[in-house]
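Engineer: Provided below for reference: sequence and predicted model.
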Amino acid sequence: MIQAVVILLTLIIICKGLPAMLNTEVKSFKSQLSILRRPRFLAGTGLNLFLIPAWFCSYSYFADYLSKAMGLAAPQISYMLLLFGVMGVISNFLVGRLLRKHMFSAMLFFLASPFLVPFAFQYFSGSFFSIAPVVGFWGVMYGHFFDWRG
């Protein structure tokens, strides 16, 4: 119920707070569909089709894995999630320039993270301090995809 109220409040703020955007040019339906023939659009859509589920799969079982496989306690898992989020925020500032200068090579490098990070966990013991660098690296590799600068 609380989540529904927050979502409704957010929707009202967006509808009331955003200025109206005037449409200066009327486009036909056919011209709007032309985006489906652009290779960059198709590549980006295909990338998202596979990347977002890969993130979801690895992130969905994160706490469970740290608890059962790595033997971390609930407070330690909370610290790991906090580290993940903080490193994601930091990555917005650090990785933005790299993505702007070397977009293609940087994206190839960052796309490997959903696949490499789970393998990295198997080479570390259940120690909080040995797992933290992997979680921090994962946060950096994940967080930059939500660059707030647009």
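Structural biologist: Noted; the coordinates are in hand. Numbering: from 1, shown residues only.

Engineer: In the helix or strand bottoming out on mean pLDDT in the chain, which of the residues would be classed as buried?
Structural biologist: Ranked by mean pLDDT, DSSP states H and E, the weakest helix or strand in the chain is helix 103-111, scoring a mean of 74. Residues 106, 110-111 are the ones in helix 103-111 that count as buried (16 or more other Cβ atoms under 10 Å). (Each C-beta comes from the backbone N, C-alpha and C, glycine too.)

Engineer: mind checking which helix or strand the closest residue to residue 107 other than its chain neighbours is in?
Structural biologist: Nearest non-adjacent residue to residue 107, counting by Cβ to Cβ, 6 or more residues apart in numbering: residue 99, 7.3 Å away. Per DSSP states H and E, residue 99 falls inside helix 74-101.

Engineer: okay, the angle between that helix and helix 103-111?
Structural biologist: 160 degrees (axes from the mean of the first three to the mean of the last three Cα atoms, to 10 degrees).

Engineer: Can you list the helices and strands that helix 74-101 packs against?
Structural biologist: helix 62-68, helix 103-111, helix 128-143 (3 or more Cβ pairs under 8 Å, 6 or more residues apart in numbering; DSSP states H and E).

Engineer: can you list the ones you listed in a markdown table and add distance to residue 77?
Structural biologist: Below are those laid out as a markdown table (distance: least, Cβ to Cβ, whole Å):
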| stretch | distance to residue 77 |
| --- | --- |
| helix 62-68 | 5 |
| helix 103-111 | 25 |
| helix 128-143 | 10 |
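
Engineer: Go through those helices and pick out the most buried.
Structural biologist: Scoring the helices and strands packed on helix 74-101 by mean neighbour count under mean count of other Cβ atoms under 10 Å gives helix 128-143 as the most buried, with a mean of 18.

Engineer: picking that back up, among the buried residues of helix 103-111, which one lies nearest to residue 35?
Structural biologist: For the buried residues of helix 103-111, the closest approach to residue 35 (Cβ to Cβ) belongs to residue 111, at 22.6 Å.

Engineer: if we can go back for a sec, quick one: the helix holding residue 99 to helix 128-143, angle?
Structural biologist: 40 degrees.

Engineer: Please spell out which residues along helix 74-101 are buried.
Structural biologist: For helix 74-101, by 16+ other Cβ under 10 Å, it's 76-77, 80-81, 83-84, 87-88, 91-92, 95, 99.
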